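Student: Got a sequence here, can you build the structure:
(chains A and B)
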Amino acid sequence: MTEISRRALLAGATATAATAAFGSLLISPSSLVAQPSPAAAVAPKEDIFIELSAALTGIDKELLSPGVDPFRFRDAVFDRANKANNDAKDAEILTKLLAKFEEARNANAQGFVRDPIKKLYEDAEKPENKVEYEPMKFLMRSIILAWYLGAWYAPQALKNKSYAAKDPQHGYYSTRRYSEEMLIPYEVISPSAYTNGMVWRVAQAHPMGYSNLQFGYWGKEPPDADTFTKPLKPDPPKSDPTTVDSARADSK
Amino acid sequence: MNNTSQKVYDVVIVGSGIAGALVALRLGQANKRVLVLEAGDPIPTNINAEMDRFYRASAKVPESPYTPDLIKDPATVPAGRPTVLSLSNSGDWRDPSKSYLIQTGTVPFSSTYERTGGGTSVHWLGTCLRLLPNDFNMKQRYQLDWAEWPKDINYATLENLYHKAEDEIGVSGSKDEQSYDGMAFSENYPMPPIPKSLIDKFIETEISGMTLWRKDLRVRSTPAARNSQPFKQRRTCAGNTNCIPICPIQAKYDPTITLRDAQATGNVDFLYRAVACEIVVGENQRIDHIEYWPYDEQGRKIGDKPASVRANIDGCYVIAAHAIETPRLLLMSTGKGNRPDGVANSSGQVGKNLMDHPMYVPWGLLPQSRFPYRGPLSTSGIEDLRDGDFRKDRAAFRIEIGNEGWNFAVGGDPNITTVDFVNGLNNSLVNLNYDVLFGDALVARLRDVLTRQFRLGFLVEQEPDEKNRVTLSERHMDGLGLPRPEVHYSLSDYTIRGLAAAKKTADAIFARLNATEYTRIPDKQDPTAIDLPPDETGRSERIRFMGAGHIIGTYRMGDDPKKSVVNADQRSWDHHNLYLVGSGVFPTSATANPTLTIAALCLRTADKIIQSLPNA
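Tutor: Reported below is the predicted structural model:
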């Protein structure tokens, strides 16, 4: 089995690049894996944040916040979202966004709201809500981009480089063509945030400059798309001994 | 000033890139004592710091992993260099506070280089194509009024040297796939070819039977300095898709490997942060010594006058600082005004005929997912249009197939396309409805686009033109007070007709693939916009060209001392103990990426130098 192992990919710890990046060929992936943090260490607020993130990104929350998370990507994104614009009020905006999301989620559970995120976006477009909702609207986009790209696009920067909302009567307010003016400045949250970015999974690929795949894999089809963005289900029992071997090799 | 200046060296080399490194290795192996002066920082003891800089960099450009910092005013940097960021619209290529090169041409010289241990090939792609027999013979074969390569330098005389170079740096390739347009192989490559990517295979199938410009097109695995099996204690390529700017596992050759081998001979010393500033001529036109400015880790000049190094009386000097810094050093070496034309310049050719491979990069979406962002950045090419009768009229080109989606083409995907779908923009041109997506719809849309992305790269031979030249800036100095290179660059009609043919070829291939094209048509104000000559129907199109990173020309080789700077041995006609090596010697830019030919010529020159030195 020369194709990528699902386990190795989903673990996020990539042996090949990790050993190169950390400079020793002797480090085994397991030594990079931190002990799972006790459940109590995760504040309730962060739990809601993960739920919000899963709804925003379309990536399963088990992947956003795995039980074993040596890279602490979850914490890195959450921390950054708490100081989204490097402004004193940032944490307040996040708290309010989480509250609104919780409300919409509960309404969804009761069957009143079909899609909590859609509800938040729609509420944000109501003229009377603009002042209150706009900071939350762009913060949601910052959070998606943080998970996808491991980079922080500040809500204010996204707002500065955005078009007015779609107007069903008149189309868009602006039809400006591409220019470098529309490129948005951003910062990489951390090296491991870059390498854990979800966009590479969506592309059924690996972060550029960080791969645990084997020679020649590029000539073969990648595994199914869902294996990159959905949690790993237990393998159905198999008697094929090569499967057992490769699973054992992965867990080394 | 320092200890090395007290030691006696047979050879002093300026520059630690692939050319200087290979000469140093061969001389060290032959028990010659060598000193290498490098303008930039030493090779780091491991790759961690460079990987960290790369991961943290928001703009992941070729220079990202390497020192010095990119954002500094070049007037403050002791060993400055042109950067991709200084070429972008926001960088302003004509602003000397942003661009190290002082650019005065009609279009920007769009290739960049490094000044660091290992030189620019620390971030090369690894392409190891040979030049074609006709590349050496353009004047005879196609009646072009171009300079000629020396009669001793042609495919037949280089064939064995190409093999030696391929063995030394470790090339994976297939001689069967590379036997075209007169190329013969006496031996196979040292490693089997790198497998083709899914994109390569798709294009291979779709263009099967396609004929353009009277040539049959075929996708061929590109010979590359990239391990297809363990080689010289380096690992097999794991497809990190990051050859440029840095291979995390050094499965791709880079010159730091040769520098370590050279050092291991015990005969090669290195002096880093040492910027050569004057080649001093002594009696009988022999080079007497080289002066250089040392500087410290913080970029501060050391001392109040330059230090100097001298090879022993029978020794020699090798300048291996590529086609911009080499002519700069030669032109700076005026002996306090006694030699106003500089060193090695009796022909008046130093600095002239700067070339690159102007590159046309079209991109689009394939009709089905073929999964880019996987494998080496490029694994195959279409080489059949490198040669043909059309070269009488317009420039030839090779076609590189990219495996990195739109990463290079749009300047930083997957970020650009992702931001488009999240923030309702259309910089990628794929979000025509300015949708704002999230959740499953975002995953589905992004997956559909990212897995179908592809791009081609047409590397066009550039006609030699003496108006394209490197001189010294009179007004703008670097951090050591040395004049910065001034570059005048333009594209000739012959070259632009080659770009037009590239565009036409791209259109035909995209149609054949059933691909949807998203190549952006540049605004007129874009400095790299080229208005192509109108076609038969009178239609004129505008495209953008990019630099290929191939800095060629400026101290050409030849058989006539009046028309060339060096002979076939890369030895100066004017100073018999001075060698100028690298792609600066190429009289024409030819149709292959230059590095393998640089390496082959350097192995040849190293042998000539060894023969010229007295036996110890």
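Student: and B:Arg310, how many neighbours?
Tutor: 18 (other CB atoms under 10 Å in any protein chain shown). (Glycine included, C-beta is placed from N, CA and C.)
Student: And the one 10 residues further on, by the same measure?
Tutor: For B:Ala320, the tally of surrounding residues (other CB under 10 Å) stands at 30.
Student: and what of B:Leu425?
Tutor: Neighbour number of B:Leu425 under other CB under 10 Å is 23.
Student: What of A:Glu51?
Tutor: Counted by other CB under 10 Å, the residues lying close to A:Glu51 total 18.
Student: tell me the mean pLDDT for the host helix or strand of B:Ser473?
Tutor: Assigned by DSSP states H and E, B:Ser473 belongs to strand B:469-477. Strand B:469-477 carries an average pLDDT of 98.
Student: and the next element down the chain from that strand?
Tutor: Using DSSP H and E, the next helix or strand after strand B:469-477 towards the C-terminus is strand B:483-488.
Student: what sits up against that following strand?
Tutor: With contact meaning CB atoms under 8 Å, 6 or more residues apart in numbering or on different chains, strand B:483-488 is reached by B:74, B:80, B:96, B:100-105, B:109, B:324-325, B:327-328, B:332, B:354, B:467-474, B:476-478.
Student: go on, stretch B:364-371?
Tutor: For stretch B:364-371, using CB under 8 Å, 6+ apart, the contacting residues are A:203-205, A:218, A:221-222, B:197-199, B:202, B:430, B:448-449, B:451-455, B:510, B:513-519.
Student: Would you pull up how far it lies from the middle of the chain?
Tutor: Relative to the chain's own centre, stretch B:364-371 is displaced by 29 Å; criterion: CA atoms, centre = their mean, to the nearest Å.
Student: Next, the distance between the ends of that stretch.
Tutor: 13 Å (CA to CA, to the nearest Å).
Student: Ok, stretch B:444-461 next?
Tutor: Span of stretch B:444-461 from end to end, CA to CA: 41 Å.
Student: Kindly report the same for stretch B:179-186.
Tutor: 11 Å.
Student: Can you point out the buried residues in that stretch?
Tutor: Residues B:Tyr180, B:Asp181, B:Met183, B:Phe185 are the ones in stretch B:179-186 that count as buried (16 or more other CB atoms under 10 Å in any protein chain shown).
Student: re the thing from before, in terms of secondary structure, what does the strand holding B:Ser473 contact?
Tutor: helix B:322-332, strand B:483-488 (3 or more CB pairs under 8 Å, 6 or more residues apart in numbering or on different chains; DSSP states H and E).
Student: in it, what's buried?
Tutor: By neighbour count with 16+ other CB under 10 Å, strand B:469-477 contains the buried residues B:Arg469, B:Val470, B:Thr471, B:Leu472, B:Ser473, B:His476.
Student: how close does the fourth one get to B:Gly582?
Tutor: Relative to B:Gly582, B:Leu472 is positioned 19 Å away (CB to CB, to the nearest Å).
Student: The second one now?
Tutor: Shown here: B:Val470 relative to B:Gly582, a distance of 13 Å by CB to CB.
Student: Show me whatever sits in contact with both of the two.
Tutor: With CB under 8 Å, 6+ apart, B:Val470 and B:Gly582 have common neighbours B:Ala323.
Student: one step back: buried among the contacts of stretch B:364-371? Make that a ChimeraX selection.
Tutor: To isolate the buried ones among these in ChimeraX, judged by 16+ other CB under 10 Å, type:
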select /A:203,204,205,218,222 /B:197,198,199,202,430,449,451,452,453,454,455,510,513,515,518,519
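Student: Please list only the buried members of the contacts of strand B:483-488.
Tutor: Burial by neighbour count, 16+ other CB under 10 Å: within the contacts of strand B:483-488 this picks out B:74, B:80, B:96, B:100-103, B:105, B:109, B:324-325, B:327-328, B:332, B:354, B:468-473, B:476, B:478.
Student: Quick check: residues of the stretch 51-200 of chain B near chain A?
Tutor: B:51-52, B:54-58, B:60, B:88-90, B:195-198 (CB under 8 Å from any CB of the partner chain).
Student: Most neighbours among those, which one?
Tutor: B:Ser197 (28 neighbours).
Student: residues contacting it?
Tutor: A:Trp218, A:Gly219, B:Arg370, B:Arg374, B:Gly375, B:Thr379, B:Ser380, B:Ile401, B:Asn403.
Student: can you rerun that using 10 Å?
Tutor: Residues in contact with B:Ser197 (CB atoms under 10 Å, 6 or more residues apart in numbering or on different chains) are A:216-220, B:203, B:239, B:370-372, B:374-376, B:378-380, B:401-403, B:454.
Student: Return the per-residue confidence for A:Leu183.
Tutor: Here the pLDDT value assigned to A:Leu183 is 78.
Student: Hmm, B:Leu425 and it touching each other?
Tutor: Yes. Using CB atoms under 10 Å, A:Leu183 is in contact with B:Leu425, at 9.2 Å.
Student: Show me where the stretch 101-250 of chain B dips below the pLDDT cut-off.
Tutor: Scanning the stretch 101-250 of chain B for pLDDT under 70 picks out no residues.
Student: was I right about B:Asn240 contacting B:Glu404?
Tutor: No. Using CB under 10 Å, B:Asn240 is not in contact with B:Glu404, being 11.0 Å away.
Student: JSON lines for the helices and strands packed on strand B:469-477, including mean pLDDT?
Tutor: Shown next, in JSON lines, are those (pLDDT from 0 to 100):
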{"stretch": "helix B:322-332", "mean pLDDT": "98"}
{"stretch": "strand B:483-488", "mean pLDDT": "98"}
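Student: Point out the most buried one among the ones you listed.
Tutor: Ranked by mean neighbour count under mean count of other CB atoms under 10 Å in any protein chain shown, those are led by helix B:322-332, which reaches a mean of 26.
Student: rewinding a little: need the overlap of contacts for A:Leu183 and B:Leu425.
Tutor: Listed contacts common to A:Leu183 and B:Leu425 are A:Lys161, B:Ile416, B:Val419; contacts here mean CB under 10 Å, 6+ apart.
Student: Scan the residues you listed and report the most crowded one.
Tutor: Going by other CB under 10 Å, B:Val419 tops these with 29 neighbours.
Student: what's near enough to touch that residue?
Tutor: Counting by CB under 10 Å, 6+ apart, B:Val419 has contacts A:141, A:144-145, A:148-149, A:151, A:153, A:158, A:161, A:182-184, A:186, B:412-413, B:425, B:427-428, B:431.
Student: Fine, thanks again, bye for now.
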